[in-house]
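Peer 1: Fold the stuff below for me.
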Amino acid sequence: MRVEAHDRKRLEQLCRYITRPALSDQRVQINAAGQVELKLKTPWRDGTTHLVMSPLEFMQRLAALVPRPSLKGTTPPSKTPIPFFCKSA
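Peer 2: Coordinates of the predicted model:
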């Protein structure tokens, strides 16, 4: 996404978007047993309204949602594809 420096409204929207938390504080709690309780936005068909898991499992599931970084420019020269218009006939 690109925002011009003078476009303050869109810049504020972008800042709000990138600084928002992954999950709402109201949906994640630690129970008395030390387990993480995650309240679902909408109940599942079977009636499940909360997921209960260990803190480690919660962190693993959360980390799995984060996309890998793009590594543009890190391809070794020998592996870089040659554009069709540069190939000899």
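Peer 1: Listing request: residues of the chain with sub-threshold pLDDT.
Peer 2: Residue ranges of the chain with pLDDT under 70: 71-89.
Peer 1: At which residues are the helices of the protein located?
Peer 2: For the chain, the helices defined by DSSP state H occupy 8-18, 55-64.
Peer 1: Tell me the spacing between Trp44 and His50.
Peer 2: Distance of Trp44 to His50, given as Cβ to Cβ, to the nearest Å: 10 Å. C-beta coordinates here come from the backbone N, C-alpha and C atoms, glycine included.
Peer 1: Looking at these two, which has the bigger crowd around it?
Peer 2: Higher neighbour count among Trp44 and His50: His50, with 12 against 9, using other Cβ atoms under 10 Å.
Peer 1: tell me the contacts of the more buried one?
Peer 2: 37-40 (Cβ atoms under 8 Å, 6 or more residues apart in numbering).
Peer 1: So for Ser24, which of the helices of the chain sits nearest?
Peer 2: helix 55-64 (13.3 Å; Cβ to Cβ).
Peer 1: which parts of that closest one are buried?
Peer 2: Neighbour-count burial for helix 55-64 flags Phe58 (criterion: 16 or more other Cβ atoms under 10 Å).
Peer 1: hmm, who's touching it?
Peer 2: By Cβ under 8 Å, 6+ apart, helix 55-64 touches 22-23, 30, 34-36, 38, 53.
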